[in-house]
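Colleague: All I have is the shape, not the residue letters:
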């Protein structure tokens with residue numbers, strides 16, 4: 001069942017039209033949060049000692065530097081995805097301030113979330129053990145004939161389903177007055193909706209023409225399906241963060257953490273194996289395309 005769902009999600013995520021052309025009801029906002037503690041609260045984190053708008057710009061520059069260093073390394077697909085999402089987040093915070101009524105929390109979350117990614121990336125390069133979802137994502141990027149959409153989805157799965165529950169739990173799920181922060185968590189889905197087409201275009205331009213070939217304007221509901229896949233993942237993230245925050249003992253928390261990593265790892269395995277239909281040697285074709293386009297760009 002898991003493999004079938006992942007393959008379906010991959011098919012939906014690899015076919016894109018304009019995200020504004022499809023309905024995008026943020027249904028997760030209808031699901032109430034569970035009770036939980038008021039602490040912790042937003043605080044300074046690496047590269048963002050005092051949470052503010054400038055912290056988002058710091059992460060944009062870090063991602064630009066990593067992407068430039070990676071060149072045609074297939075891991076650059078997710079770095080590009082992350083970069084475009086962060087740029088869109090920065091624009092929407094400025095253009096629609098009511099979307100995030102507690103921006104200090106958002107800035108801290110964005111910085112800590114990104115720092116987890118950079119630390120995981122560095123740890124893997126140094127030969128350290130990383131979570132199964134990240135190991136599969138990085139190994140797939142290093143070998144095999146996966147397409148660009150798989151690289152994108154593997155990175156999103158690992159960073160969202162594996163990493164984000166711990167980030168959310170570390171920064172707290174409630175305001176000082178006891179109100180839930182779930183509304184702001186769900187509001188990020190609007191950012192994903194706005195950024196989706198930009199992400200697909202950026203990956204097509206730099207790394208894999210197949211992603212652009214499958215972008216049929218005649219099938220806008222596929223776009224809706226891809227967004228719904230990630231929206232569902234983010235709802236699971238919130239519920240797992242609640243479980244972490246409400247755990248009574250370290251042993252219970254460690255058990256939940258193991259379950260989170262195993263769940264994300266299962267998705268990663270299914271996504272990585274869902275590359276049927278690609279021509280033999282597609283990896284070499286992708287690399288040639290990337291080198292040509294990076295030189296010309």
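Modeller: In hand now; what should we look at? Just so we're clear, the structure is a prediction, and the values are computed from it rather than from any experiment. Numbering: from 1, shown residues only.

Colleague: Any regions of the chain where pLDDT drops low?
Modeller: 1-38, 214-226, 276, 296-297 (pLDDT under 70).

Colleague: helices or strands up against the helix ranked longest in it?
Modeller: The residue-count maximum for a helix in the chain (DSSP state H) belongs to helix 220-246. Applying 3 or more C-beta pairs under 8 Å, 6 or more residues apart in numbering; DSSP states H and E, one finds that helix 220-246 makes contact with helix 2-13, helix 164-171, helix 182-206, helix 250-272. The C-beta positions use only the backbone N, C-alpha and C, and glycine is treated the same way.

Colleague: Give me the buried positions along stretch 124-141.
Modeller: Buried positions in stretch 124-141, judged by neighbour count with 16 or more other C-beta atoms under 10 Å: 124, 130-138, 140-141.

Colleague: Out of the residues you listed, flag the one nearest to residue 42.
Modeller: Residue 42 lies nearest to residue 131 out of the buried residues of stretch 124-141, by C-beta to C-beta, at 24.7 Å.

Colleague: Hmm, the closest one is touching residue 264, no?
Modeller: Yes. With contact defined as C-beta atoms under 8 Å, residue 131 counts as touching residue 264 (7.0 Å).

Colleague: so what sits against both of those two?
Modeller: Counting by C-beta atoms under 8 Å, 6 or more residues apart in numbering, the shared contacts of residue 131 and residue 264 are 158, 162.

Colleague: for the helices and strands packed on helix 220-246, which one ends up most surrounded?
Modeller: helix 164-171 (a mean of 22; mean count of other C-beta atoms under 10 Å).

Colleague: Give me the helices and strands touching that helix, please.
Modeller: Using 3+ C-beta pairs under 8 Å, 6+ apart, helix 164-171 is in contact with helix 103-125, helix 220-246, helix 250-272.

Colleague: With distance to residue 197 added, can I get those in CSV?
Modeller: Converted to CSV, the helices and strands packed on helix 164-171 look like this (distance: least, C-beta to C-beta, whole Å):
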stretch, distance to residue 197
helix 103-125, 21
helix 220-246, 8
helix 250-272, 21
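
Colleague: closest to residue 209 out of the ones you listed?
Modeller: Per C-beta to C-beta, nearest to residue 209 of those: helix 220-246, 18.0 Å.
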